[in-house]
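J.: Let's see this in three dimensions:
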Amino acid sequence: MPRRALAVLATTLLLVAACSKSGTSSSGPCDQVVPNASVCGTGGTPPAPAVELKVGLGYIPSVQFAPFYYAEQQGYYRDAGLNVTFENKIDPDLVTLVGQGALDLGVADGTSVIPAVSQGIPIRYIATIYGTFPSIVFAKESSGIKTAADLKGKKIGIPGKYGSSWIMLQALLDSAGLKPADATIIEYPDFGQGTAVLAGAVDAATGFANNEPVQLELSGSKAVVLHVDSVVALPGPGLIAGTGTALGPKRDAVAAFVGATLRAMTEIAAQPSLGLDAAIKAVPELGKDTATRATQQAILAATIATWSSPDGGGSFGTIDEQGWKDSLAYLTKLGLVPNPVTVDQLIQRDLMPQG
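T.: Predicted coordinates for the structure are as follows:
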């Protein structure tokens, strides 16, 4: 054998021998020659691969999703051993895709979860994002509308007779002894009901506390907002997971995702500019000019206000079990629960951070 080959062989044998010694540093010969646990021991074990999580957010990328953007940009998901991919879908599609396992997690309305589970879709609501139900009825202050009773005989704009806004409107009307037939319901499938309020085409409309009323006030009109929380504690949008994900091999990864997201919410609530900057970095058009940035700042402030429960109690993410019981009873009354379900089939609370 040539001398050069013998020298290379001798060097290699010495390095492998070094790998077999206890206490070898992870930056030593094992990592340079054969970085494999079977040869080098625990010192040379490569890090476990990140767990892939596909997460569905709402249809339009928005400052409302600032906690997710911020947690991703700050490396909170990465540090938790996760590789997170976001997809934007409408609420009904998110519920279906999470139930099918095409998405691991999604943000969906609690009032969508109840009928879905009743129909056999295998999902669970695992953490609250909106502690205050964000779907509301709003109007110009000049309309004279101050309470649900004032909606009698009024023109009310709504995207359609479906979903959380329709459920909320029925609950508000019912609280004043009214039915939808006691008002004129005008549908805006293109979601133009906010513009209709501004133009005076309708007296009031359904919307979200962190969107349409904010836009109305920025246009110079004082807004009146009617919340449903004092009537029934409907569960707002939160994180959902398929039962296979929440209870299966990705359970710990899902819990880590929840913890990282709630950490981001807490930090943004303390310093909103962090969330605004993260949202603009993720969606640059949100900061295209001073006016747009100011609008997004106002929307984020209103969004942060909805993360807490109406009484301000509880920490972010807390699931109000009694509220779910009341909501289940109310949706059953409306005929939206075709098959009986229990709250334990709807929510899963053990994926929240402990302590």
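
J.: which residues touch the residue nearest to the spatial centre of the chain?
T.: For the chain, the residue lying nearest the average C-alpha position, counting by C-alpha atoms, centre = their mean, turns out to be V107 (3.8 Å). Neighbour list for V107: 56-58, 65, 94, 129, 237-240 [criterion: C-beta atoms under 8 Å, 6 or more residues apart in numbering]. In short, each C-beta sits where N, CA and C put it, glycine included.

J.: again, 10 Å this time
T.: When contacts are counted by C-beta atoms under 10 Å, 6 or more residues apart in numbering, V107 is found next to 55-58, 64-65, 68, 89, 91, 94, 98, 127, 129-130, 237-240, 261.

J.: same question, G163
T.: Counted by C-beta under 10 Å, 6+ apart, G163 has contacts 91-92, 109, 111-112, 135, 206.

J.: Which of the contacts of V107 fall within strands?
T.: Among the contacts of V107, the members found in strands (DSSP state E) are 55-57, 127, 238-240.

J.: out of those residues, which is most surrounded?
T.: Sorting these by how many neighbours each has (other C-beta atoms under 10 Å) puts I240 first, at 32 neighbours.

J.: measure that one to V341 for me?
T.: Distance from I240 to V341, counting by C-beta to C-beta, to the nearest Å: 15 Å.

J.: so where do the strands sit in the stretch 201-350 of the chain?
T.: Per DSSP state E, counting those that start in this stretch, the stretch 201-350 of the chain has strands spanning 204-208, 223-226, 238-242. These are given in chain order.

J.: in the shortest one, what counts as buried?
T.: Buried residues in strand 223-226, counted by 16 or more other C-beta atoms under 10 Å: 223-224, 226.

J.: and if you look at stretch 142-153?
T.: With burial defined by 16+ other C-beta under 10 Å, the residues of stretch 142-153 counted as buried are 143, 145, 148, 150-151.

J.: got a list of what A204 touches?
T.: Under the criterion of C-beta under 10 Å, 6+ apart, the contact list for A204 reads 136-140, 143, 145, 150-151, 154-158, 169, 183, 193, 196-197, 224, 226.

J.: Let's see which of those end up in helices.
T.: Using DSSP state H, 169, 193, 196-197 are the members of the contacts of A204 that sit in helices.

J.: any idea which of the residues you listed is closest to G177?
T.: When the ones in helices among the contacts of A204 are compared for distance to G177 (C-beta to C-beta), L169 comes out closest, at 14.6 Å.

J.: The closest one and P180 touch, don't they?
T.: Yes - judged on C-beta atoms under 10 Å, L169 makes contact with P180 at a distance of 7.2 Å.

J.: So what are the structural domains in the protein, by residue number?
T.: Residue ranges for the structural domains of the chain, counted by automatic domain parsing, are given in the record as 51-132+235-345, 135-226.
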